[in-house]
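Peer 1: Need a 3D model of the following:
(one chain, ligands or ions: 1)
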Amino acid sequence: MGKKKITVTSPLLPDLDAYNELLAKIWDSKWITNAGPFHEKLEKALSEYLKVPYLSLFTNGTLPLLSAFQALGIRKGEVITTPYSFVATTHAIWWNGLEPVFADIDKDTCNLDPARIEEAITDRTVAIMPVHCYGTPCDISSIQEIADRHGLKVIYDAAHTFGVEIDGESILKAGDMSTLSFHATKVFNTVEGGAVISGSLEMKEHIDHLRNFGFENEITVTEPGINSKMDELRAAFGLLNLQQVDKAIEKRKKVAERYREALKDVPGIRMLPEPDARVKSNYAYFPIFVDPKTYGMTRDGLYEKMKEHNIYGRRYFYPLISEFSPYSSLPSAAKENLPVANLAADSVVCLPMHQNLDEEDVERIIAEVAR
Ligand SMILES: *Cc1c(COP(=O)(O)O)cnc(C)c1O
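Peer 2: Residues are numbered from 1 along each chain as shown. The predicted structure is shown next:
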């Protein structure tokens, strides 16, 4: 083999000297967590960069999902969600004692199909938790219209949607709340980290208390909160990464454009449609869908063949969340209920997509897929 290993993601890392300088400041101040100066700076910088007024930093991208239900006072009932996501999306529903109900996705976006959401609504439905899968915006106006008509809350798992805008407006403003993940594998990372984006100062303050055990002040606990605070070491890391994230997205864009051009005529390989001109993309993932009949090889065949050549794609999102044992016996998890999601899960491979790919890497990947 002998060829360099190419992984599906590669973390954005700050310059080590610059990071050391910030660490020295933390060592001097001895303020290492609990709303320290770097935490406050990062919260402000992110809310400016993302064009959202109310952002609360978290220690990862899962606790924001859990906390969003708590913040909105959603304590019982059914939540309609997508099976085509990272498993944390459904876990967050379960951890709140709520009942996940899976609805099918749209083939061209891999996001919840509004018509399927509507069909899944019962008198027990309390909320919808869609995912902007791969960074492609959901049909937010249809989803809002449905939610308004039925009196439902909408919490977006926006883990893939760092920096995505429509007509210059952040996608993170959609619904009642959105959550982000800043995990190492994401477009922007703080090693581990995340955020909740809410719609008002009151709600942001509520969430800020929730992530700190429910403390409103030194002697007052107003609700059963949790600990999900971001520390100073990771906030400083994030501040440096934020300075280079535009360059990283630009690099991803070039890779995506090259993939698109090179794979457009390969029989049996389907790509998602290009984002429409109103959308500012972040090029978070590059999924392709394999049709074994016309491609001449199964998805797993391609996945294994790439691995043999030291190219590591990932089958996001296979298996579907609805196939995992905690959820597979739910009525809505039945394959017949989720034909589009099942087909996507069985045919998808995400190609390597990150800022550290060079031209040679990209051509090697293309050669392997187009062969
Ligand atoms: C990454 C991710 C999460 C979880 O984020 P963590 O920071 O790893 O906890 C949740 N939902 C989706 C869709 C994700 O991709």
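Peer 1: Just give me the neighbour total for residue 37.
Peer 2: The local packing of residue 37 (other CB atoms under 10 Å) involves 14 other residues. C-betas here are computed from N, CA, C, even on glycine.
Peer 1: My error: substitute residue 224 in the last question.
Peer 2: For residue 224, using other CB under 10 Å, the count is 9.
Peer 1: same check, this time on residue 105
Peer 2: 29.
Peer 1: go on, residue 363?
Peer 2: Using other CB under 10 Å, residue 363 is surrounded by 12 other residues.
Peer 1: is it true that residue 273 touches residue 108?
Peer 2: Yes: the pair residue 273 / residue 108 is scored as a contact, 5.4 Å apart, by CB atoms under 8 Å.
Peer 1: Report pLDDT for the residue of the chain found nearest the ligand.
Peer 2: Of all residues in the chain, the one sitting closest to the ligand is residue 61 (2.6 Å; CB to the nearest ligand atom). In this model, residue 61 is scored at 98, pLDDT.
Peer 1: Next up, the contacts around the residue lying closest to it once chain neighbours are set aside.
Peer 2: The shortest distance from residue 61 to any non-neighbouring residue, by CB to CB, 6 or more residues apart in numbering, is to residue 181 (2.4 Å). Listed by CB atoms under 8 Å, 6 or more residues apart in numbering, the contact set of residue 181 reads 60, 61, 62, 64, 159, 193, 194.
Peer 1: Which stretches in the stretch 51-200 of the chain count as strands?
Peer 2: 55-58, 78-81, 99-102, 125-129, 153-157, 165-166, 169-170, 177-181, 194-198 (DSSP state E, counting those that start in this stretch).
Peer 1: And those strands: which comes nearest residue 6?
Peer 2: Set against residue 6 and scored by CB to CB, the strands of the stretch 51-200 of the chain come closest in strand 177-181, at 23.0 Å.
Peer 1: Let's test this: mean pLDDT of that closest one, rounded?
Peer 2: Strand 177-181 comes out at a mean pLDDT of 98.
Peer 1: could I get that strand in CSV with only the CA atoms?
Peer 2: Taking C-alpha atoms only, strand 177-181 is exported to CSV below (Å, rounded to 0.1, in the frame of the first residue of the first chain):
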residue,chain,number,x,y,z
MET,A,177,-34.0,26.9,19.5
SER,A,178,-30.9,25.5,17.6
THR,A,179,-28.0,23.6,18.9
LEU,A,180,-24.4,23.3,17.7
SER,A,181,-21.6,20.8,18.2
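Peer 1: quick one: it to chain centroid distance?
Peer 2: When C-alpha coordinates are averaged (CA atoms, centre = their mean, to the nearest Å), strand 177-181 and its chain have centres 8 Å apart.
Peer 1: what sits against the spatially most distant residue from the centre of the chain?
Peer 2: Residue farthest from the centre of the chain, counting by CA atoms, centre = their mean, is residue 219 at 36.0 Å. If a contact means CB under 8 Å, 6+ apart, then residue 219 has no contacts.
Peer 1: could you measure the closest residue to residue 137 other than its chain neighbours against residue 218, distance?
Peer 2: Distances taken as CB to CB, 6+ apart put residue 171 closest to residue 137, at 5.0 Å, once the chain neighbours are dropped. Counting by CB to CB, to the nearest Å, the gap between residue 171 and residue 218 amounts to 37 Å.
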